[in-house]
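J.: No letters, just coordinates:
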């Protein structure tokens, strides 16, 4: 088995309203890659959020009392904390520098996934209705996660499959911390056409022992691998083409990866 991950070249800086499927088709062509059945495209969350207008000008945000109180405890900008509250179901932990929440998408993460890095605004089209009313020349912007990453992945996949006639998968990833280990890594926050989890319960190991517990988060494993290729700073490679994924493609959703609250021993 060979798993090949290839960053796509010449992806432009993305702005609100850009057609990502068209951009991907061009980037694949320029990278001399022809899609095959079973291929997967992994996209960073940032380009999805930018294309969908999830960039917010902090000058337009008015924090409420809860945000102001949490901002003091967390030593954060109360405007950013207000956005965290709007993007979350529940605040779980607060300490200096970090607010841990259950995001509206269902997973637990730091700071509701709100990002300052690589979100400098581009020149916007006239009469743009971008979330937050951003204007060229404003400086303080943050980027929210996509509202429905599964749906975003499905839309891109549908266009790509129609244009190529190939059955592929699309995955959207973000960088998250982990409860027991230092450092961030790529994790899946949305997907279409690929399994999120492979359930190996009932499989046999090399010595004939039947597995009783093993479930493999293959979407997160692939997200971490793609994140290595993308980088985290100024690399400018927000899309990775994957060939050789070792499991059959199938329909799934982010829900497969989210542990139910009644099974969560760490809240």
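T.: Structure received. Remember, it's a predicted structure, so these values are computed and weren't measured experimentally.

J.: So which residues of the stretch 1-150 of the chain form helices?
T.: In the stretch 1-150 of the chain, helices defined by DSSP state H, counting those that start in this stretch lie at 20-30, 45-51, 65-74, 78-86, 149-164, listed in chain order.

J.: Tell me the bridge partners for the spatially most central residue of the chain.
T.: Most central residue of the chain, judged by C-alpha distance to the mean C-alpha position with C-alpha atoms, centre = their mean, is residue 173 at 3.1 Å. Assessed by DSSP bridges, residue 173 has beta-bridge partners residue 44, residue 188.

J.: returning to that earlier point: need the helices of the stretch 1-150 of the chain in TSV (columns: distance to residue 114).
T.: Heads up, the C-betas are built off the backbone N, CA and C, glycines and all. Formatted as TSV, the helices of the stretch 1-150 of the chain follow (distance: least, C-beta to C-beta, whole Å):
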stretch	distance to residue 114
helix 20-30	21
helix 45-51	10
helix 65-74	12
helix 78-86	6
helix 149-164	15
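
J.: quick one: low-confidence ranges for this protein?
T.: 117-139, 200-203, 213, 232-235 (pLDDT under 70).

J.: Just give the nearest non-adjacent residue to residue 93, would you?
T.: With sequence-adjacent residues excluded and distances taken as C-beta to C-beta, 6 or more residues apart in numbering, residue 93 is closest to residue 100, at 4.0 Å.

J.: from what I can see the one you found touches residue 88, true?
T.: No. Using C-beta atoms under 8 Å, residue 100 is not in contact with residue 88; the gap is 9.7 Å.

J.: Show me the strands in the stretch 1-150 of the chain, by range?
T.: Secondary structure of the stretch 1-150 of the chain (DSSP state E, counting those that start in this stretch): strands at 4-7, 40-44, 55-57, 88-95, 98-103, 108-110, 141-143.

J.: Indicate each strand paired with the third one and its parallel or antiparallel sense.
T.: Its sheet considered, strand 55-57 pairs with strand 141-143 (antiparallel) by DSSP bridges.

J.: ok, back up a step: for the residue nearest to residue 93, which residues count as its bridge partners?
T.: residue 93, residue 110.

J.: What is the burial count for it?
T.: 19 (other C-beta atoms under 10 Å).
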